[in-house]
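In: Here is my input; please provide its structure:
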Amino acid sequence: MLYIIGLGLGNEQDITLKGLQAIHKCDKVYMEAYTSLLSFGLSSKGLSNLEKLYGKPITLADREMVEEKVDVILSQAHLSHVAFLVVVATTHTVLVVRAKKMGIEVKIVHNASVLNAIGICAYSEDTECVGFARIGSEDQKVVAGTMKQLQLIDFGAPLHCLVIKGKTHPLEEEMLDFYRCRM
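Out: Take a look at the predicted model:
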């Protein structure tokens, strides 16, 4: 079993209970050290903090190590439980694809990401947005309007997404007009 475990954005205590439980099941724990780093860094002190909190020795895995030793990591996952700790659990597709091709079960334990954290921004009710529901399905819904207008829309069942509109090209504005809220 290969676990890809998101650690969150701030420090070693941001891990979810689900992620911590998965680490405790693992015989080997790797810490990704090439796409994103926790704010406390990966100094020996930072790494020892992780090891103390998680109760496991951790091996740092830079890009070269992962690319060169992917077969070693996956052979360990084939025989036992292996954790690959990442700041955002959405990036390490090479491990996931190779593991699945080898018949190794993969579990991804998500955590907070910049997409969640950005919610602290103080947008106003007049901010232009586009709301989406069930994109790609027969009953998808797309509505463009202000945040205030979109609050009044019944988007129905999930999955939902909200995009804050930035500077747009006139052709993009024309496209958005097809979805504009008419209130």
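
In: List the contacts of the helix or strand hosting residue 148.
Out: Element membership for residue 148 (DSSP states H and E) is helix 147-151. Residues from elsewhere that reach helix 147-151, judged by Cβ atoms under 8 Å, 6 or more residues apart in numbering: 123, 124, 125, 126, 127, 129, 131, 143, 162, 181, 183. Every residue, glycine included, has its C-beta placed from N, CA and C.

In: Which secondary structure elements does the longest helix along the chain sit against?
Out: Determined from DSSP state H, the single longest helix within the chain is helix 63-79. Under the contact definition 3 or more Cβ pairs under 8 Å, 6 or more residues apart in numbering; DSSP states H and E, helix 63-79 sits against strand 2-6, strand 28-32, strand 82-86, helix 93-101.

In: quick one: low-confidence ranges for this structure?
Out: Scanning the chain for pLDDT under 70 picks out 10, 35-46, 88-91, 113-120, 183.

In: one step back: out of the helices and strands packed on helix 63-79, which gets nearest to residue 67?
Out: With respect to residue 67, and counting by Cβ to Cβ, the nearest of those is helix 93-101 at 7.5 Å.

In: C-alpha coordinates for the next helix or strand along the chain from the closest one, PDB please?
Out: The C-terminal neighbour of helix 93-101 among helices and strands, as given by DSSP H and E, is strand 106-109. C-alpha atoms of strand 106-109 as PDB (Å, rounded to 0.1, in the frame of the first residue of the first chain):
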ATOM      1  CA  VAL A 106      -2.800   3.800  -3.500                       C
ATOM      2  CA  LYS A 107      -4.600   5.900  -1.000                       C
ATOM      3  CA  ILE A 108      -4.400   9.700  -1.100                       C
ATOM      4  CA  VAL A 109      -5.000  11.500   2.200                       C
END
